[in-house]
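Student: What would the 3D arrangement of this be:
(one chain, ligands or ions: 1)
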Amino acid sequence: MFRERGGAAWTLLQEQTDLQLDPLGRAAMAKLILSPGARVLDVGCGCGQTLLELAERVGPTGHVLGIDISEPMLARAAERIATSPEISLLCANAQTHPLPIGRFDALYSRFGVMFFEDSRAAFTNLRRALRPGGQLAFVCWQHPSRNPWADLPLQGVMQVLPAHTPPAFLSADSPGPFYFSSEERVRGVLAAAGFADVAIAPLEMPIHVGGAMTLEQGVAYCCQIGPAARAMADAAQELRPALESAISAALAPFVSARGLWMDAAAFVVTARG
Ligand SMILES: C[S@@+](CC[C@H](N)C(=O)[O-])C[C@H]1O[C@@H](n2cnc3c(N)ncnc32)[C@H](O)[C@@H]1O
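Tutor: Model (predicted):
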């Protein structure tokens, strides 16, 4: 899904998105105990910020492999890792790609593991690539109702769109950004894939939405990335001004001299292979 739609916007707005997601991704990364020389797989690595952060942790004798299905996002990542020989990239579907068995000391992901068509198959594939006892840490979103940064602009957009129903991709029951908002589902998927010692910790903090310093920047960002953008992607062009006004009204109360900051809620999930 990212390959067709989100990838281009994510590539274009990589710097803004990194500002928004970095603290959440670092909280999950902090759960990994990584020695110099460790081998890490970054699942759904996107434009590569976390590859660079992981590489700092494993040092020049370590290896970080980023796997992603989006060519444009990996092209951006390739530019960023050009001077980091310890990082390599793989354009493939992490659910099905035959990864080397037992190769990695750790699996990591920043919001890249909720999109698989078959989560159990994907995590089984990933667990096989982990050495026995190796570590898993990822961050995923809690329910949209706990994420006003996502929900408020989406609700605004839904009031303008004729269908009034968000796309299935945004449902907490379909593969998409909120699919792992159910702790029960996460536990079921990881247990079925053979992971042990599963722990799910809430992570709640304000985030700097799209790194926006003004309301206009926030609106421009939310029209291109995130649930509101996804819902309005196929809307008629004549609805565009009303959609932008709705997003603007949703975001306006959250803009201050520090920029656009809104509450977010994620889970940091850890386990052992
Ligand atoms: C929300 S983005 C997060 C990107 C990056 N981790 C970050 O934090 O900036 C989700 C990423 O997962 C990737 N992805 C989705 N399905 C995938 C799959 N089946 N195999 C590999 N990557 C996938 C997307 O292309 C996208 O880069």
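Student: and the next element down the chain from the strand or helix carrying Gly66?
Tutor: If you go by DSSP states H and E, Gly66 is part of strand 63-68. Next in sequence after strand 63-68, counting helices and strands by DSSP H and E, comes helix 71-80.
Student: tell me the average confidence for that next one?
Tutor: The average pLDDT within helix 71-80 is 96.
Student: Could you give the separation of that helix from the chain centroid?
Tutor: 16 Å (C-alpha atoms, centre = their mean, to the nearest Å).
Student: same deal with stretch 265-273?
Tutor: Chain-centre distance of stretch 265-273: 13 Å, with C-alpha atoms, centre = their mean.
Student: Give me the contact list for that stretch.
Tutor: Residues outside stretch 265-273 that contact it (C-beta atoms under 8 Å, 6 or more residues apart in numbering): 24, 27-28, 31, 107, 127, 130-143, 146-147, 180-181, 183, 186, 190, 194-204. (C-beta placed from N, C-alpha, C; glycine too.)
Student: redo that, cut-off 6 Å
Tutor: 24, 27-28, 31, 127, 130, 133-134, 136-142, 146-147, 186, 190, 195-201, 203-204 (C-beta atoms under 6 Å, 6 or more residues apart in numbering).
Student: Those residues of the stretch 101-250 of the chain touching the ligand, which are they?
Tutor: Residues of the stretch 101-250 of the chain found near the ligand, taking C-beta under 6 Å from any ligand atom as the criterion, are 110-112, 115-116.
Student: If we use 5 Å, what do you get?
Tutor: Within the stretch 101-250 of the chain, the positions near the ligand by C-beta under 5 Å from any ligand atom are 110-112, 115.
Student: still on that earlier bit, angle of the strand holding Gly66 against helix 71-80?
Tutor: Relative orientation of strand 63-68 and helix 71-80, computed by axes from the mean of the first three to the mean of the last three C-alpha atoms, to 10 degrees: 150 degrees.
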